[in-house]
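In: Predicted structure and sequence below. I'll ask about it afterward.
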Amino acid sequence: MSSVQTATKERKSARDRVQGFGRFLSAMIMPNIGAFIAWGLLTALFIPTGYWPNVDLATMVDPMIKYLLPLLIAYTGGKVVAGHRGGVLGAIAAMGVIVGAEIPMFIGAMIMGPLGGYVIKQFDKLIEGKVKTGFEMLVNNFSAGIIGMLLAILGFVGIGPLVEAFTMLIESGVNFLVAHNLLPLVSIFVEPGKILFLNNAINHGIFTPLGAQQSLETGKSIFYLLEANPGPGLGLLLAYWIFGKGTIKGSAPGAIIIQFFGGIHEVYFPYVLMRPILFVAVILGGMAGVFTNSILGSGLTSAASPGSIFAILGLAPKGGHLVVLAGVAAAAIVSFIFSAIFLRKAPSDEDLEKAQAASKNMKSGGNAGGPALTSANDLQTGEVRKIVFACDAGMGSSAMGASSFRKKVQQAGLPINVTNTAIDAIPSDADIVVTQQNLTSRAKGKAPNAQHVSIDNFINNPIYDDMIERLKAATAGNADSSIPDNAAGVKEEVSNVLSHNAPHVVQDTTTTSNAGSSILRKENIVLGLTSTSKEDAINKAGEMLAAAGYVKHDYIAAMHEREKVASTYIGNGVAIPHGVGEAKKQIQTSGIVVLQYPNGVEFEGGTAYLVIGIAGAGGEHLQILTKIAETIEDEATVQHLAKVTDAEEIYRTFSI
């Protein structure tokens, strides 16, 4: 490996670690944003300087900022590490730092919460299998109580004072910047950090705690405007709209609506990546906004999330709307001017799709192990015995991809085992690992010695035929191979779809059981639905799974979490939303529901006309997934099923 490749790999690895840490911080704050907004509204409305001062209602402000919000953060941080039990320990541990400090202990909560989860997780591993039957509840309850007490004491006498001193040091540094009119310099770090998808970590992991402290003292805080200001992105997109060329020009107006009014700042990140010189424009725009806010004394009463102009104005203090708008306008104007200067000299062949792909790669952490293959040309096929299709849970998309590719392997008579699994359970003997492009980096970490193929969808992907041709050529050159031919195999070993380390299930696909009659029922096929957002479609599928008794209601949240990891759109007009990780606890029995959207639902990667909600408690649902995978390889079939008016036809098509 050359020194350049080594340096590049090290930079990507460092970026992965920073992004991972940032995502962990934001994971503690983001689920509790509603509580922050509630506190901010109470502050804006009922404190003495609020819209409707009310002494009694204002008494809620101080306890919420000192106790409720830190405890929610600590519980969430502990839960991320060790589930509900970890969350409880995190909250107990955080009480020590909360009670032992005079300031709202957000940073202390972000330390003690995960620490509590980590300690109890390690304790549970230590005693696993060693507790006598009948004493489990006693040990669980008393261990949590004793460990929680000790951690609370540690927080009170040790961690709390350190965090308080550290917070005061940071506050002094920020106050120095404010006093010397240097606060705009933070934009040099904030704006590039946002485009590297550290926006939530910066806003909610750093500025929200600082802003909460300042807001408690003054009723508002400029920190809430440092990252959330939509001005820099608005100016950039306006410049693209006016001075852009080709298709990129036409895409800008829609992006403005999403970014400025919807508050989804990520939409403008690819526009910066297309021309890195535009980093300068958004940095200068951010600096102009911060400078204006500093001069005018702007601030919000709480964190605005998302960073929509509506959310920002809604959290502006009484009489503070015009100065907040001035900060947004200054940022937008400066960003627009410099973006326009750079764009007027831009070539007309800029590729938004490439920039969006680069942006997605940033968000998913990049390919730490070097570039994955996106074609079969460079595939090394000399010793291929096992090909693994992997997705986050090994449950839906990878199973269907494996089924589709296995059929091609069987037709080609290749002596290769094709299976599917969760990324965390990729076997060490995998020769080739196929994953969605957003998950390839993780797959490389689990199987560094395998070849990795990165694809955008699992069904009917053109790369499959190229792979088959190269594998056939390689096999012909190794005719004396001793690998047993599984082309006509009737049994398939698959991972338990929701447990990375669960025992394998052997699924006999030659049986004529009636598994499909309970897994896919006619009443769980809904036709003629009106087009909607993917979030609403996922909600609908989850509600149907719950109503049918397949899952508990909490499974729906896990379906949305899976969609954030990587799109469940698998190609040819089909999406298969499903849950991951802890979602297995919410599954009561395997089941599938089918939703037909004749005009489609937009998922990342394509338009889905059939949305198939999946809950897999074991391996039995894979029979139907295999049938679905075989069926939807023909795009014409999917287009036909997207228009049928008789649920019986879909049922017959997918029945085993």
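Out: Cool, the structure landed.

In: tell me the mean pLDDT over stretch 325-334?
Out: For stretch 325-334, mean pLDDT is 94.

In: ditto for stretch 454-466
Out: 74.

In: For residue 613, which three-state class applies?
Out: Taken by DSSP: H, G, I helix; E, B strand; the rest coil, the conformation at residue 613 corresponds to strand.

In: contacting residues for it?
Out: 538, 541-542, 544-545, 559, 576-578, 592-595 (C-beta atoms under 8 Å, 6 or more residues apart in numbering). Heads up, the C-betas are built off the backbone N, CA and C, glycines and all.

In: Mind jotting down where the strands sit in the protein?
Out: 386-391, 417-422, 432-436, 451-455, 491-494, 505-508, 520-526, 569-571, 574-575, 591-603, 606-615 (DSSP state E).

In: picking up where we left off before, reformat the contacts of residue 613 into CSV and put distance to residue 443 next to each item.
Out: CSV is the format used below for these (distance: C-beta to C-beta, whole Å):
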residue, distance to residue 443
538, 24
541, 26
542, 27
544, 31
545, 28
559, 22
576, 19
577, 21
578, 19
592, 26
593, 29
594, 29
595, 30
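
In: Would you mind listing which of those residues are buried?
Out: Neighbour-count burial (16 or more other C-beta atoms under 10 Å) applied to the contacts of residue 613 gives 538, 541-542, 544-545, 559, 576-578, 592-595.

In: any idea of the mean pLDDT for stretch 593-601?
Out: 91.

In: If you could redo that for stretch 188-205, that was the one I meant.
Out: 63.

In: now swap in stretch 91-98 and tell me
Out: 93.

In: And stretch 413-428, by the same measure?
Out: Rounded mean pLDDT across stretch 413-428 is 82.

In: tell me which residues in that stretch are buried?
Out: 414-426.

In: Just send the residues you listed back as CSV, with distance to residue 46 too.
Out: CSV is the format used below for the buried residues of stretch 413-428 (distance: C-beta to C-beta, whole Å):
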residue, distance to residue 46
414, 71
415, 74
416, 68
417, 66
418, 63
419, 60
420, 55
421, 54
422, 49
423, 49
424, 48
425, 52
426, 54
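
In: highest average neighbour count across the strands of the chain?
Out: Across the strands of the chain, the average number of neighbours (mean count of other C-beta atoms under 10 Å) peaks for strand 574-575, which reaches a mean of 30.

In: Neighbours of residue 473, how many?
Out: 10 (other C-beta atoms under 10 Å).

In: what do you get for residue 73?
Out: 31.

In: Low-confidence regions, the stretch 1-150 of the chain specifically.
Out: 1-27, 29-30, 33, 37, 40, 44, 49-51, 103 (pLDDT under 70).

In: how about the helices in it?
Out: 3-29, 33-46, 55-58, 61-63, 69-99, 106-127, 136-154 (DSSP state H, counting those that start in this stretch).

In: and the ones you listed, which is most packed in?
Out: Taking mean count of other C-beta under 10 Å, helix 69-99 is the most buried of the helices of the stretch 1-150 of the chain, at a mean of 25.

In: so what secondary structure elements neighbour that one?
Out: helix 3-29, helix 33-46, helix 106-127, helix 136-154, helix 160-179 (3 or more C-beta pairs under 8 Å, 6 or more residues apart in numbering; DSSP states H and E).

In: Mind picking the one among the buried residues of stretch 413-428 that's closest to residue 633?
Out: residue 418 (15.1 Å; C-beta to C-beta).

In: can you tell me how far that closest one sits from residue 337?
Out: Shown here: residue 418 relative to residue 337, a distance of 56 Å by C-beta to C-beta, to the nearest Å.

In: and if you look at residue 290?
Out: When residue 290 is compared with residue 337 (using C-beta to C-beta), they lie 17 Å apart.

In: returning to that earlier point: now flag whichever of the buried residues of stretch 413-428 is closest to residue 449.
Out: Nearest member of these to residue 449, counting by C-beta to C-beta, is residue 426, at 10.6 Å.

In: For the closest one, which residues are in contact?
Out: Contacts of residue 426 (C-beta under 8 Å, 6+ apart): 388, 390, 433, 443, 446, 447, 450.

In: so the fourth one touches residue 423, yeah?
Out: This means residue 443. Yes: applying C-beta atoms under 8 Å, one finds residue 443 in contact with residue 423, separated by 5.3 Å.
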